[in-house]
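Following is a predicted model, sequence given first.
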Amino acid sequence: MEPNWQLARKRKTIEQRARILHKIRAFFIEQGFIEVETPHRIPVNAPEFNIDAIPSGSWFLQTSPELCMKRLLAAGYDNIFQICRCWRAEERGPHHLPEYTMLEWYRRDCDYQQLMVDCEELLAHLVGKQTLCWRGQDIDLTTPWPRLTVAQAFLQHSSTSLSQVPDANFFSELISTEIEPELAQNKPLFLIDYPTLQGSLARPKTNDPGCVERVELYIAGLELANGFSELTDPIEQRRRFEMEEKQRRQSGKTPCPLPEKYLDELETLSNAAGIAFGIDRLIMLLCDQPTIDEVVCFSPEQL
C-alpha cells in the first residue's frame, strides 16, 4: 500500500512549521515572557456578534484564550504568552479553519503602540531578512510599518464615509469588500483606531472618545492579528457585552451567557495590552503556501 500522498507531500512544510513555533517561543522567552496554558473548554466566551462558539456539552470550546489570560493579568501576572488551539463555528475557506492555532500575548503597563513594535520585531526574528516573498509578491519588512487609521481607510478606499456607517454589520461588510482588498500592499500595514461600535474589549482613546485603541495587522492583504489597549472598566465592558448579546439574540443566534468571573476580576486589572496572532496564516506567509490547508497536517475534509 502506498503512503497517503496528501499527507506525505506536506512534510517539508510541517517540518518548517515546527521550527517556526520553536522560534516564536524563543522570541517571547528571551523577552522575559511566561508561557501559560489555559483551558480549551470553558463555560463561556466573550459574546461577539460575528463569532460563534462550538458547544462542548453544556460548555464551549474557546474562541480565544483572552478571558482566562486577562484573569491571570488581573491576578498579578506580568507579561504572558500562549500558543493554543481555538475553535469557531462555520469558519471554512482558503484562509479559515474551524479549528486553528492562535498565538496571544499580553503586556502589563503598556498600550497598543508596543504591540505594533512587538509584531515588527517578531517578524524580523522569524524571517531574518528585510524581504518576504508570498505568491510572487515581494513584501518589504523594513520598519516602521505604516499605520492607517480606520477613518483614513474609509476616506481613501470606501464609497461610504465612516460617519454614515449605521451599524457593526455594515461596517464589517465595507471593511471586507472595500477596505481589505486595498490593503494588499508590498509592506505590512497596521489598521488602527476603530470606531467605538467596533470596540470589543478595547479602551477608548484619551484624545478621541469616539475611537478605541484597537489594531489589526495586514500583510499582503491577509489579516494576521487583532489587538487592543485593554478596556479595564467593568461597567463599560458589561455594557458592551450586553449590547453584543442583544444583537446575537435578535439574529436568532445561540444565547451566550456573560463571563461573570471575568467581569468581577476586571476591576483589578491595571493598564495592559494584548494581541491575538493567527499562527496558521503566518505560516502560510513564511512557507509561501497559497491556502491554510497546506500548513496543517489535516484539514477537516481529510479526517
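Nice, thanks for sending it over. Residues are numbered from 1 along each chain as shown.

Helices of the stretch 51-200 of the chain, residue ranges please.
Remark: helices assigned in the stretch 51-200 of the chain by DSSP state H, counting those that start in this stretch are 66-74, 112-127, 150-157, 168-174.

which stretches of the stretch 201-303 of the chain aren't confidently modelled?
When residues are selected by pLDDT under 70, none of them lie in the stretch 201-303 of the chain.

burial measure for residue 26, as a count.
Neighbours of residue 26 under the rule other Cβ atoms under 10 Å: 11. The way it works is simple: take the backbone N, C-alpha and C, and place the C-beta from them, glycine included.

what does residue 86 give?
By other Cβ under 10 Å, 25 other residues sit near residue 86.

what do you get for residue 12?
With other Cβ under 10 Å as criterion, residue 12 counts 9.

Could you check how far the one helix or strand it maps to is from the centre of its chain?
Secondary structure from DSSP states H and E places residue 12 in helix 11-30. Its chain's C-alpha centre and that of helix 11-30 lie 19 Å apart, by Cα atoms, centre = their mean, to the nearest Å.

and whichever strand or helix holds residue 241, C-alpha only, in CSV?
Residue 241 belongs to helix 234-250 when assigned by DSSP H and E. Presented in CSV, the C-alpha positions along helix 234-250 are these (Å, rounded to 0.1, in the frame of the first residue of the first chain):
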residue,chain,number,x,y,z
PRO,A,234,-16.0,46.5,34.2
ILE,A,235,-19.2,48.7,33.9
GLU,A,236,-18.4,49.7,30.3
GLN,A,237,-17.3,46.2,29.4
ARG,A,238,-20.6,44.8,30.7
ARG,A,239,-22.5,47.3,28.6
ARG,A,240,-20.6,46.3,25.5
PHE,A,241,-21.1,42.6,26.2
GLU,A,242,-24.9,43.1,26.8
MET,A,243,-25.2,45.0,23.5
GLU,A,244,-23.4,42.2,21.6
GLU,A,245,-25.6,39.6,23.2
LYS,A,246,-28.7,41.5,22.4
GLN,A,247,-27.7,41.7,18.8
ARG,A,248,-26.9,37.9,18.8
ARG,A,249,-30.3,37.0,20.2
GLN,A,250,-32.2,39.3,17.8
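
can you give me the end-to-end distance of stretch 184-191?
This stretch, stretch 184-191, spans 12 Å end to end (Cα to Cα, to the nearest Å).

who does the helix holding residue 12 touch, helix- and strand-wise?
strand 34-35, strand 80-87, helix 112-127, helix 279-286 (3 or more Cβ pairs under 8 Å, 6 or more residues apart in numbering; DSSP states H and E).

can you tell me which of these comes nearest to residue 167?
The minimum distance between residue 167 and the helices and strands packed on helix 11-30 falls on helix 112-127, with 24.3 Å, by Cβ to Cβ.

Which of the helices of the stretch 51-200 of the chain sits closest to residue 139?
helix 112-127 (9.4 Å).

what angle sits between that closest one and helix 279-286?
Angle of helix 112-127 versus helix 279-286, following axes from the mean of the first three to the mean of the last three Cα atoms, to 10 degrees, is 50 degrees.

Buried residues, helix 112-127. List them.
Within helix 112-127, the residues that count as buried by 16 or more other Cβ atoms under 10 Å are 112, 115-116, 118-120, 122-123, 126.

Ok, stretch 234-248 next?
234, 237, 240-241, 244-245, 247-248.

again with stretch 47-58
Buried, per 16+ other Cβ under 10 Å, within stretch 47-58: 47-49, 51-54.

can you give me the strands in the stretch 151-300 of the chain?
Using DSSP state E, counting those that start in this stretch, the strands of the stretch 151-300 of the chain run over 189-195, 204-205, 208-219, 222-229, 272-278.

Can you list the neighbours in contact with the second one?
By Cβ atoms under 8 Å, 6 or more residues apart in numbering, the residues outside strand 204-205 that reach it are 193, 196, 211-213.

That strand pairs with which strands?
In the sheet, strand 204-205 lines up against strand 208-219 (antiparallel) (DSSP bridges).

angle of the partner strand against strand 222-229?
Between the axis of strand 208-219 and that of strand 222-229 there is an angle of 150 degrees, by the same axes, to 10 degrees.

Going forward, the N-terminal residue is numbered 45.
Sure, I'll start counting at 45 from here, so that last one is strand 252-263.

Please identify the buried residues of strand 252-263?
255-263.

that older thread, which one of the helices of the stretch 95-244 of the chain has the lowest average pLDDT?
When the helices of the stretch 95-244 of the chain are ranked by mean pLDDT, helix 212-218 comes last with a mean of 83.

what does the helix holding residue 56 contact?
Counting by Cβ under 8 Å, 6+ apart, 79, 125, 127, 147, 149, 165-166, 169-170, 323, 326-327, 330-331, 333, 338-339, 341 sit against helix 55-74.

quick one: buried residues of it?
Residues of helix 55-74 classed as buried by neighbour count (16+ other Cβ under 10 Å): 57, 60-61, 64, 68, 71-72.
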